[in-house]
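[1] sequence and predicted structure, then a few things I'm wondering about:
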Amino acid sequence: MAVFEIINRGTAPNDGTGDEAREAFRKTNDNFANAANLTEDNTFTADVGIGAAPTTTLDVTSTNASPIRAYRNATNASLWIENSADSVYFGVNASSEACIGHSADLSAASLRLSTTGQLDVLGVYNETTASAANVFVASDGSLQRSTSSKKIKKDISEDINPDLILDVKPVKFKEKKSNKEHYGFIAEQVGAVDKRFATNLDEELPGLDTNALLAMAVAKIQELENRILELEK
């Protein structure tokens, strides 16, 4: 490890508080020798540390046992902060994913961001709730909270055409990626009935506005229920 020593010049000339000449030249020689350990791109070939007993490529330590460390091995490049209870690791794993985790093995990191922008958050799948979904992924990739509150709406009207739901075609299909069979709708077909039934209709992969479809289906059910009640009178 390269360590550079400071020459003590003393408080005032010839006051006897600084390093002796021999000691000063020893430090000078050692500093030049340590400088020789620098590679041509101005990086250290040995570990560089601030604090006591650095053990990695960059190691900042303190007396309270909470060091900040950076290292690189065959599979990971990491920066981590540790204390006596736990450690948090930030880095890039062998798959070039940006990671945050609690283990030096970043292949199993809690949060991983791929080079294509795919975000994986381990543990989310097992955190369940009976509440309805309330997250929307915008076309720019941002996550937005989905709400149906009156506070964000204007021009509210009950003037809708429930018969539109009759033109929506339920289908059976297989997902190409998983080959699993599903029941559902085709966004392009649904959007052709009414563009408000679909999301991102002008983009490569449009989706469904399930709230719009549900609202129209409920309106049609209510209309049919009213007809039945009239016939039963």
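    Received the coordinates, thanks. Numbers count the residues shown, from 1 in each chain.
[2] from now on I want contacts and neighbour counts done on CA atoms only, so please keep to that.
    Will do.
[3] so Ile100: helix, strand or coil?
    Assigned by DSSP: H, G, I helix; E, B strand; the rest coil, the conformation of Ile100 is strand.
[4] next one, pLDDT for it please.
    As predicted, Ile100 sits at a pLDDT of 86.
[5] got it, and Leu208?
    pLDDT, Leu208: 93.
[6] wait, it touches Gln189, no?
    No - using CA atoms under 8 Å, Leu208 is not in contact with Gln189; the gap is 10.3 Å.
[7] what about those two, which has more around it?
    Under the criterion of other CA atoms under 10 Å, the comparison of Leu208 against Gln189 puts Leu208 first, with 20 against 16.
[8] what bridges to the more buried one?
    With DSSP bridges as the criterion, Leu208 is bridged to Ala198.
[9] distance of it from Val193?
    In this view, Leu208 and Val193 are 12 Å apart by CA to CA, to the nearest Å.
[10] which residue ranges make up the domains of the protein?
    Following automatic domain parsing, one gets these domains for the chain: 1-46, 52-127, 158-232.
[11] for Phe136, which of the ones you listed is the nearest?
    Shortest distance between Phe136 and the domains of the chain, using CA to CA, is found for domain 158-232: 10.7 Å.
[12] chain center to the closest one, what's the gap?
    Distance, stretch centre to chain centre, for domain 158-232: 33 Å (CA atoms, centre = their mean, to the nearest Å).
[13] and if you look at stretch 89-103?
    For stretch 89-103, the distance to the chain centre is 11 Å (CA atoms, centre = their mean).
[14] gap between the two ends of it?
    Stretch 89-103 has its terminal residues 7 Å apart, counting by CA to CA.
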